[in-house]
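Trainee: what would the 3D arrangement of this be:
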Amino acid sequence: MTKYVFFILVVSLGLGCSQPGDSNLDALMNAERNVEAGMSVLETWNVDSVVAVRERVATRFRDLDWLVADSTLTYTVKDGQLIGDWARVKRFLKDGPTRLVTLDEQGALCITQLNGLMQAIRSGAKEDANGTPMNEAYFSKEAQRELNAAKTWGMAVAETERLLSLGIELEAQTRASIDSLIQTKRAEWAQNIASEN
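Mentor: This next block holds a predicted model:
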């Protein structure tokens, strides 16, 4: 019985010794886990592969640009839809490699900031590097700022993953068709040139 009372007394004292910012720790730890999960998602993307797909798309568009500009060539509605699909692929992949690198750097910064704030709370820090008192209001404000940054970063990761997935999938589905269209229109263009001479 005495051990039980002693345990309750120790737990009660421990609960009574909270310090400024403790109420934010759970949310900060959850945000850190979410950022780490987002970093894992980013690791599944190979920047070089995305660059290679983007280059394939750019190469096809160089051909399409001059072929479409030639007024002697005609296109069907189906051809136009295919070219429209490739315009979407180009848009989806436009800044994909840069976004992946930037998001990786920003994710690492989010984790550093979250860890720094949690460490300050746990250590009972009294003032920041600028001499600002680190009280409950300070920690609540800083925690909200870091939580918002982590949430915004997570949404950017999800959107980047969505766009890259759509672009790569659509490129793979339509690559053979666009190559066939380019080849057909090149032949048609060459035939038009030959008939003019």
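Trainee: the strand or helix carrying Val89 - contacts with which helices or strands?
Mentor: Applying DSSP states H and E as the criterion places Val89 in helix 77-93. Under the contact criterion of 3 or more Cβ pairs under 8 Å, 6 or more residues apart in numbering; DSSP states H and E, helix 77-93 touches helix 47-69, helix 136-196. Where C-beta positions appear, they are placed from N, C-alpha and C, glycine not excepted.
Trainee: residues in contact with the residue nearest the centre of the chain?
Mentor: Nearest to the mean C-alpha position of the chain, by Cα atoms, centre = their mean, lies Val157 at 2.4 Å. Neighbour list for Val157: Gly38, Val41, Leu42, Leu103, Gly107 [criterion: Cβ atoms under 8 Å, 6 or more residues apart in numbering].
Trainee: any chance of those in CSV, with neighbour count too?
Mentor: Shown next, in CSV, are the contacts of Val157 (neighbours: other Cβ atoms under 10 Å):
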residue, neighbour count
Gly38, 25
Val41, 15
Leu42, 17
Leu103, 22
Gly107, 22
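Trainee: distance between the ends of stretch 34-53?
Mentor: Distance across stretch 34-53, first residue to last, is 29 Å (Cα to Cα, to the nearest Å).
Trainee: contacts for it?
Mentor: 93, 96-97, 100-101, 103-104, 107-108, 110-111, 114, 150, 153-154, 157, 161, 164, 167-168, 171.
Trainee: quick one: buried ones out of those residues?
Mentor: 93, 96-97, 100, 103-104, 107, 110-111, 114, 150, 153-154, 157, 161, 164, 167-168, 171 (16 or more other Cβ atoms under 10 Å).
Trainee: after the helix or strand of the chain with the lowest mean pLDDT comes which helix or strand?
Mentor: Of all the helices and strands that make up the chain, helix 2-16 has the lowest average by mean pLDDT, DSSP states H and E, namely a mean of 47. Counting by DSSP H and E, the next helix or strand C-terminal to helix 2-16 is helix 25-43.
Trainee: what angle separates that following helix from helix 136-196?
Mentor: Orientation check (axes from the mean of the first three to the mean of the last three Cα atoms, to 10 degrees): helix 25-43 against helix 136-196 gives 20 degrees.
Trainee: now do the buried residues in helix 25-43.
Mentor: Quick answer for helix 25-43 (16+ other Cβ under 10 Å): Leu25, Leu28, Ala31, Glu32, Asn34, Val35, Gly38, Met39, Leu42.
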